[in-house]
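Colleague: no sequence on this one, just coordinates:
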Ligand code: SF4
């Protein structure tokens, strides 16, 4: 049988990488221009987007080095018992493709992951070699995100951080029980041990650079991880708790949530249906509440129902506000920043703008209206110079009046 061409292998290995959610472009509507209608597609794979440390959105070539794997994680299309077409690149080929795409201006960086071939150390060495060729032989200054293999020797993982801007290790599932059941070759202590050593290396490198200008950088864009949602029994409250622990123990830049999607030839232990994409969205919102809105993990968990699930029809900040109505109304002319950040419908930018504007004048409802997409959502929870919600916050039908109609489009972090 003839060997697949580079383009065929690129098709296989870019497709195999699409299940990794570390680029946040997943979850959009599926559209394409097949049949000559229109232009462009949201279904293609191979190029994803990420945010560089300076906040720019950049395009990355997103591929696996190989989709061969000696592990058998039930949720993964590349597991050893899966019947998919296999392919592999050499590190040199990955570097050559990256440079060729970069020169054509298709991409600004590389996102490289891999199935595990031969051994974890061998795979890690191959990933590092691709990054080394790019950095040392091509003097490539673009962004590199390397997925690292937690079972690999810590020295190898540490070498990866010297070439990559960001390194990541997937925790895979929110609970240890879920991992043991669905990824029997993996171990939570091993994954967490690798994250801890990367976390320490990042801190040490930062300290060293404060003292010595030429000390080597180590993963300057930090480390991140990914969790699959909906493949096991973990509730949203479990996931929120797990994320909070990961952020505080390992100083992660991001936890990505990936709604489990049924794969071809799926294992019988997996659910037949994917969870609603809105669940993934609500988890990202709860993540933002902890990272930017001053909510403690237990407060986000309080927004969940008795089964630990966040509501799908309203965002977690609104759910929390409806449950803790005695924290409202909040006077926009006097309340501290922390209280304003809890008002449903007021984002961080809106709160900053209110704080700055109220130094000049007493704010009225119309001032708030200019800073939010939904004054209806904000109004029951605030007091302004010309507005006080008499008993509004106590209304029994308040939730129903604020929940969006079912067909409404996903809201972006307005909360
Ligand atoms: S180790 Fe990675 S590539 Fe291999 S089966 Fe598990 S998730 Fe898939």
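Modeller: Here it is on my side, so go on. What you see is a predicted model; the values in this text were computed from it and never measured.
Colleague: quick one: the residue most central in space within the chain and residue 178, what's the gap?
Modeller: Most central in the chain under C-alpha atoms, centre = their mean is residue 256, positioned 2.4 Å from the mean C-alpha point. Residue 256 is 17 Å from residue 178, where distance means C-beta to C-beta, to the nearest Å. Where you see a C-beta, it was placed from the backbone N, CA and C, and this is true even at glycine.
Colleague: Can you pull up the residues of the stretch 51-200 of the chain that come close to the ligand?
Modeller: Residues of the stretch 51-200 of the chain lying near the ligand by C-beta under 6 Å from any ligand atom: 69, 71, 73, 76, 78-79, 115-116, 183.
Colleague: could you redo the last one with a cut-off of 8 Å?
Modeller: Applying C-beta under 8 Å from any ligand atom, we find that the stretch 51-200 of the chain lies next to the ligand at 64, 67, 69-73, 75-80, 82, 113-116, 149, 170, 172, 183, 185-186.
Colleague: what do you get for the stretch 201-350 of the chain?
Modeller: The stretch 201-350 of the chain has no residues near the ligand, with proximity defined as C-beta under 8 Å from any ligand atom.
Colleague: Pick out the residue of the stretch 201-350 of the chain closest to the ligand.
Modeller: The minimum distance from the stretch 201-350 of the chain to the ligand, using C-beta to the nearest ligand atom, falls at residue 228 (9.4 Å).
Colleague: next helix or strand past the longest helix anywhere in the chain?
Modeller: As assigned by DSSP state H, the longest helix anywhere in the chain is helix 188-211. The helix or strand immediately downstream of helix 188-211 is strand 223-229, counting by DSSP states H and E.
Colleague: What mean pLDDT does that following strand get?
Modeller: In this model, strand 223-229 has an average pLDDT of 95.
Colleague: repeat for stretch 151-165
Modeller: The average pLDDT within stretch 151-165 is 93.
Colleague: related to what we said a few turns ago, these two touch, right, the residue nearest to the centre of the chain and residue 223?
Modeller: No: the criterion here is C-beta atoms under 8 Å, and residue 256 misses it with residue 223 at 11.8 Å.
Colleague: Look at the residue in the stretch 101-250 of the chain that the ligand sits nearest to and say how many residues are nearby.
Modeller: When scored by C-beta to the nearest ligand atom, the stretch 101-250 of the chain has residue 115 as its residue closest to the ligand, at 3.9 Å. Residues lying near residue 115 (other C-beta atoms under 10 Å) number 23.
Colleague: Spatially nearest residue to it, not counting backbone neighbours?
Modeller: Ranked by C-beta to C-beta, 6 or more residues apart in numbering and with sequence neighbours excluded, the top spatial neighbour of residue 115 is residue 69, at 3.2 Å.
Colleague: Which stretches in this structure count as strands?
Modeller: Along the chain, counting by DSSP state E, strands occupy 47-51, 57-64, 109-113, 143-147, 166-168, 223-229, 254-259, 330-331, 382-383.
Colleague: Tell me which other helices or strands the third one touches.
Modeller: By that I understand strand 109-113. strand 47-51, strand 57-64, helix 91-103, helix 120-132, strand 143-147 (3 or more C-beta pairs under 8 Å, 6 or more residues apart in numbering; DSSP states H and E).
Colleague: can you list these in JSON lines and add mean neighbour count?
Modeller: Below are the helices and strands packed on strand 109-113 laid out as JSON lines (neighbours: other C-beta atoms under 10 Å):
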{"stretch": "strand 47-51", "mean neighbour count": "19"}
{"stretch": "strand 57-64", "mean neighbour count": "22"}
{"stretch": "helix 91-103", "mean neighbour count": "18"}
{"stretch": "helix 120-132", "mean neighbour count": "21"}
{"stretch": "strand 143-147", "mean neighbour count": "24"}
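Colleague: and residue 277, which of those is closest to it?
Modeller: strand 47-51 (17.3 Å; C-beta to C-beta).
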